[in-house]
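J.: everything below, folded, please.
(one chain, ligands or ions: 2)
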Amino acid sequence: MRGMRIAVVFDTPYEGWTPEDHAARMAKEVANWKRDEPEMEYQIGHALLKRGHEVLLAGIRRDIGEVLPLLAEWKPDLVVNGAESYRGLAELDYLVPAVLEAEGYRYTGSPPLALLVTRNKAMSKKVLAYHDIRVPGFVTYRLTESVRSAPEVAFPLIVKPLQADASAGIAIASVVQDREALAERVDFVHERFNQPAIAEEFIEGRELYASVVGNDDRLEILPLTEMVFDPEKTKPEERIATQYAKWDEPYRERRGIRNQFARRISKAARAMIEETARTAYRALWLRDYARLDIRLTAKGEVWFIEANANPFISYGHDVASAAVKAGMNYYAFIQRIVDEAMARYERA
Ligand SMILES: Nc1ncnc2c1ncn2[C@@H]1O[C@H](COP(=O)(O)OP(=O)(O)OP(=O)(O)O)[C@@H](O)[C@H]1O
Ligand SMILES: [Mg+2]
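T.: Ligands and ions are numbered 1, 2, ... in the order given. You can find the predicted model right below:
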């Protein structure tokens, strides 16, 4: 296939950087890949170059107005949306595809609706309950509400910010056994994150990630990955993807935490996971690629935890590893996302 003109749009900490500045930085980070992994947007840009595309690296520091003139002049065939936040706020990430849509650009990944609904951990569960997917019971506490009485869901509960991601606010202390601890953690979430809190029934089980690529009835569920915990170094309620468990290498080592391809799963459970992933992907209007967080109990029950409409797709992390396992190298995986988006626009 002929190379395309592809703009990568992303949030950046660098004030006033031009596409050339980012291209220079990308080259530098890619050259240093073995010592330190490049930013996701640079990994994507590099993969697109390797696949023979022309690439424009358009970074948003504060305002999408910074990149609109660049796009208008450069006229991309497609925009890869790599924006994980807007003005430093993850919950405003939907604004980037919203504006791309308003400006008439073709772009990769989920539409604003899917980003909004999946970000709200209460709303997404309500939608999936309609489709008979098993979701933990939950209660929400708005900023003006504190815990006054016992909730109508069973302890233990896990308390999370309603619309954060990357395990922000998730710690061992998030799992609470009684009303007092619940009240305390809800207040903590309110104060620390300035957003509502959700308290969900704690599902004890294996921590699985289903990465999905495709659209409509052509969905490919990539090989499942799993976060495993050393049972000798953790109690069951400590086996969760906290911020440390996810991002802190020395901590992971101490506690025997690893991300790997899923260990043995029964045929029935695997079929249920795949069906859950397909149904959830469609019900939440996800597009091109996404990652679903799932828990599998000892009894073989499959529980939906969360959908990530704009997942982390850097090399060596769950989604990209699953793609590699499925036979795509990293460059081919990024190309696949481009192909899925283009095919979707061609069909429309
Ligand atoms: N109801 C639950 N029962 C058991 N564990 C849970 C539950 N909800 C969350 N967890 C644990 O906490 C982790 C983080 O929760 P969740 O995925 O909702 O947050 P997040 O910050 O949006 O994560 P991500 O990094 O995937 O964006 C989960 O991966 C899981 O280990
Ligand atoms: Mg998650």
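
J.: spit out the contact partners of the residue nearest the centre of the chain.
T.: For the chain, the residue sitting closest to the mean C-alpha position, by CA atoms, centre = their mean, is residue 311 at 2.9 Å. The contact partners of residue 311, taken as CB atoms under 8 Å, 6 or more residues apart in numbering, are 211, 289-291, 318-319. Placement of C-beta: from N, CA and C, glycine included.

J.: with residue 44 instead?
T.: By CB under 8 Å, 6+ apart, residue 44 lies in contact with 8, 80, 82, 313, 334.

J.: just the residues you listed now: which is nearest ligand 1?
T.: Nearest to ligand 1 among those, counting by CB to the nearest ligand atom, is residue 313 at 12.9 Å.

J.: which residues in the stretch 51-200 of the chain form strands?
T.: Along the stretch 51-200 of the chain, the segments classed as strands by DSSP state E, counting those that start in this stretch run 54-60, 78-81, 138-141, 157-161, 175-176, 197-201.

J.: so which of those is nearest residue 270?
T.: strand 197-201 (23.8 Å; CB to CB).

J.: pretty sure residue 153 sits against residue 159.
T.: No. With contacts counted by CB atoms under 8 Å, residue 153 stays clear of residue 159, the gap being 11.6 Å.

J.: who has more neighbours out of the two?
T.: Using other CB atoms under 10 Å, the more surrounded residue of residue 153 and residue 159 is residue 159, with 28 against 14.

J.: now the more buried one: how far from ligand 1?
T.: Distance of residue 159 to ligand 1, given as CB to the nearest ligand atom, to the nearest Å: 10 Å.

J.: what about the residue nearest to the centre of the chain, is that helix, strand or coil?
T.: In three-state terms, and counting by DSSP: H, G, I helix; E, B strand; the rest coil, residue 311 is coil.

J.: the chain should start at 22 in everything you say after this.
T.: With 22 as the first residue, the last one maps to residue 332.

J.: which phi and psi does the residue nearest to residue 251 when sequence neighbours are not counted have?
T.: Take residue 251 and drop its neighbours on the chain: the residue closest to it by CB to CB, 6 or more residues apart in numbering is residue 277, 2.6 Å away. Backbone torsions of residue 277, given as degrees, to the nearest 10, read phi 70, psi 40.

J.: what's next to stretch 335-352, contact-wise?
T.: With contact meaning CB under 8 Å, 6+ apart, stretch 335-352 is reached by 58-59, 61, 64, 68, 71-72, 230, 232, 234, 241, 243-246, 280, 282, 310, 312, 332-334, 353-354, 357.

J.: show me what the closest residue to ligand 2 within the stretch 172-321 of the chain is bridged to.
T.: Per CB to the ion, residue 314 is where the stretch 172-321 of the chain lies closest to ligand 2, at 4.2 Å. Assessed by DSSP bridges, residue 314 has beta-bridge partners residue 230, residue 327.

J.: ok, how many other residues are close to it?
T.: When neighbours are counted by other CB under 10 Å, residue 314 comes out with 18.

J.: ok, now residue 54?
T.: Residue 54 has 13 neighbours, counted by other CB under 10 Å.

J.: just to revisit the earlier point, same for ligand 2: which of the contacts of residue 332 are within range?
T.: Among the contacts of residue 332, proximity to ligand 2 is found for none (CB under 5 Å from the ion).

J.: for PyMOL, write the select line for the buried members of the contacts of stretch 335-352.
T.: Buried residues among the contacts of stretch 335-352 (16 or more other CB atoms under 10 Å), as a PyMOL selection:
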select buried, resi 59+61+64+68+72+230+232+234+243+245+246+280+310+312+332+334+353+354+357
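
J.: format the contacts of residue 332 as TSV; extra columns: distance to residue 167 and secondary structure.
T.: TSV is the format used below for the contacts of residue 332 (distance: CB to CB, whole Å; DSSP: H, G, I helix; E, B strand; the rest coil):
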residue	distance to residue 167	secondary structure
232	38	strand
310	39	strand
311	34	strand
312	33	strand
339	36	helix
340	37	helix
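
J.: quick check, nearest of the residues you listed to residue 218?
T.: residue 312 (23.5 Å).

J.: let me know the pLDDT of the closest residue to that closest one other than its chain neighbours.
T.: In this structure, residue 312 finds its nearest non-sequential neighbour in residue 332, 3.9 Å apart by CB to CB, 6+ apart. Per-residue pLDDT puts residue 332 at 97.

J.: ok, so what distance separates residue 332 from residue 128?
T.: 16 Å (CB to CB, to the nearest Å).

J.: also residue 172?
T.: Distance of residue 172 to residue 128, computed by CB to CB: 40 Å.

J.: coming back round to it: give me the distance between the residue nearest to the centre of the chain and ligand 2.
T.: 9 Å (CB to the ion, to the nearest Å).

J.: max pairwise distance over the contacts of residue 65: which two?
T.: Maximum pairwise distance among the contacts of residue 65 (CB to CB): 11.8 Å, between 29 and 334.
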